[in-house]
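> no sequence on this one, just coordinates:
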């Protein structure tokens, strides 16, 4: 089997490196590590990077390392999440790198099922998994996001929703190391590091997959979670990240003129971001009070005045719940094709 896959035996290097940044996770880190140690896929190492913890995390990790030689502990001091990820990936020895957070839990078959998918297609750069929310602070917003993620079960669905939100859950990532290194690894761009990486993999042409069936990661939410308290995960930084990479796509290049659908709160935030040479010429709105006016230089029109598809790139920036499906239903019979003529950005 090893020769069929072209993989070195275990005596050489672990096939999978599980990279886990840790900062003051003393209440949860042992459960997280043990959920990886108990994997049915045994050919792995855990690279735990203690990011300057001031609680019991370093001692707990050291104990795990003494119990299992597959656990390696790095102690660079307080370097921040992105640098911890970079250090963990640099130290990793595996041909595949899996992500794990110090407050989450992995199903015993997580790595086995993800690797089965990954090894079946050399075009895959990232294989994700479905998630199950846990934690006392899980609200409706988080539940909607997780349900949306769990509904994206193939490459085409992920790519179609690439600019809506990060379409794969970071703690479930299984990355092909060659793909990760080809796009430059994790980078600190003052916006979400996971989304930044996914968008670069997308632009580089790597394919994505999600393991179907039951959730393989229990994803904890709590008030102190990094994505809740760090400004790089604010809506403004998400928009900046999306627009930065949207401007690099073939879809929004060349002669195509830009129309935006939406001039509400989210739409206006987008209209303020465009570079002068790519500002929308028109804005589609349903609010009769806005029709005929100009917003940030763009003429406001009704959906019925939307020109036929072809030379136009339509960016849909409507943040109202349920709006995506309604707009899809309106555009489809008029010849607009999602991913070709229009994209959702929220």
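Yep, it's here. Model, not experiment: these values are computed from the prediction. Numbering: from 1, shown residues only.

> C-alpha only now, for contacts and for neighbours.
Fine.

> okay, which residue of the protein is out on the far edge from center?
residue 292 (38.0 Å; Cα atoms, centre = their mean).

> now it, nearest residue through space, not along the chain?
By the measure of Cα to Cα, 6 or more residues apart in numbering, the closest residue to residue 292 outside its immediate chain neighbours is residue 300, 5.3 Å from it.

> Just say helix, strand or coil for the one you found.
Following DSSP: H, G, I helix; E, B strand; the rest coil, we place residue 300 in the strand state.

> Go ahead and confirm it touches residue 285.
Yes - contact between residue 300 and residue 285 holds when scored by Cα atoms under 8 Å: they sit 6.5 Å apart.

> Comparing these two, which residue is more hemmed in?
Set side by side, residue 300 and residue 285 give different neighbour counts by other Cα atoms under 10 Å, the larger being at residue 300 (26 against 21).

> The more buried one bridge partners, please.
Residues found in beta-bridge contact with residue 300 (criterion: DSSP bridges) are residue 283.

> Please name the residues that touch residue 24.
Contacts here follow Cα atoms under 8 Å, 6 or more residues apart in numbering; on that basis residue 24 touches 53-57.

> Also residue 216?
106-107, 109-110, 129-132, 172.

> can we see that at 10 Å?
With contacts taken as Cα atoms under 10 Å, 6 or more residues apart in numbering, residue 216 has the following neighbours: 105-111, 113-114, 128-132, 172.

> and these, which of them are in helices?
Residues from the contacts of residue 216 lying in helices, with DSSP state H as the criterion: 110-111, 113-114.

> hang on, the earlier thing: can you work out which residues contact both of residue 300 and residue 285?
Here residue 300 and residue 285 share the contacting residues 260-263, 291-292, scored by Cα under 10 Å, 6+ apart.

> any chance of these in TSV, plus pLDDT, distance to residue 193 and secondary structure?
Output for these, formatted as TSV (pLDDT from 0 to 100; distance: Cα to Cα, whole Å; DSSP: H, G, I helix; E, B strand; the rest coil):
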residue	pLDDT	distance to residue 193	secondary structure
260	97	27	strand
261	97	28	strand
262	96	27	coil
263	94	28	coil
291	93	39	coil
292	91	40	coil
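
> which among those end up buried?
The neighbour-count criterion (16 or more other Cα atoms under 10 Å) marks 260-263 among the shared contacts of residue 300 and residue 285 as buried.

> Share the number of residues neighbouring residue 31, please.
Counted by other Cα under 10 Å, the residues lying close to residue 31 total 16.

> where's it, which helix or strand?
Here residue 31 sits within helix 29-37, counting by DSSP states H and E.

> Give me the sheet partners of the helix or strand following that helix and which way each runs.
Going down the chain from helix 29-37, the next helix or strand is strand 44-50, by DSSP H and E. Using DSSP bridges, the strands paired with strand 44-50 in its sheet are strand 16-22 (parallel), strand 71-74 (parallel).

> Next one: the residue nearest to residue 292 from residue 326, what distance?
Counting by Cα to Cα, to the nearest Å, the gap from residue 300 to residue 326 is 20 Å.

> my guess is residue 126 is in a strand, correct?
Yes - residue state for residue 126 (three-state DSSP) corresponds to a strand.

> Please name the nearest non-neighbouring residue to it.
The shortest distance from residue 126 to any residue other than its chain neighbours is 4.6 Å, reached at residue 175 (Cα to Cα, 6+ apart).

> One more: residue 31?
For residue 31, ignoring the flanking residues on the chain, the nearest one in space by Cα to Cα, 6+ apart is residue 105 at 7.0 Å.

> Tell me who's in contact with that neighbour.
28-29, 31-36, 132, 134, 171, 216-220.

> Same check on residue 131?
106, 146-147, 149-150, 168-169, 171-172, 214-220.

> do the same with residue 158
The contact partners of residue 158, taken as Cα under 10 Å, 6+ apart, are 149, 151-152, 164, 166-168, 202, 207-210.

> what does residue 315 give?
With contact taken as Cα under 10 Å, 6+ apart, residue 315 is in contact with 252, 258-262, 267, 270, 280, 283, 341-346.

> Surely it is in a strand?
Yes - assessed by three-state DSSP, residue 315 belongs to a strand.

> ok, now which ones touch residue 130?
Shown here is residue 130, whose contacts under the criterion Cα under 10 Å, 6+ apart are 146-147, 149-153, 168-169, 172, 210-219.

> List buried residues within those.
With neighbours counted using 16+ other Cα under 10 Å, the contacts of residue 130 contain these buried positions: 146, 149-150, 152-153, 168-169, 172, 210-212, 215-219.

> Which one of those residues is nearest to residue 46?
residue 172 (14.6 Å; Cα to Cα).

> residues touching that closest one, list them.
Shown in contact with residue 172 (Cα under 10 Å, 6+ apart): 98-101, 104, 106, 110-111, 114, 126-131, 210, 215-219.

> Just give me how far stretch 103-114 sits from the chain centre.
On the basis of Cα atoms, centre = their mean, to the nearest Å, the separation between the geometric centre of stretch 103-114 and that of its chain is 18 Å.

> Now do the end-to-end distance for it.
20 Å.

> Now that stretch: buried residues?
Under the neighbour-count criterion of 16+ other Cα under 10 Å, stretch 103-114 has 103-108, 110-114 buried.
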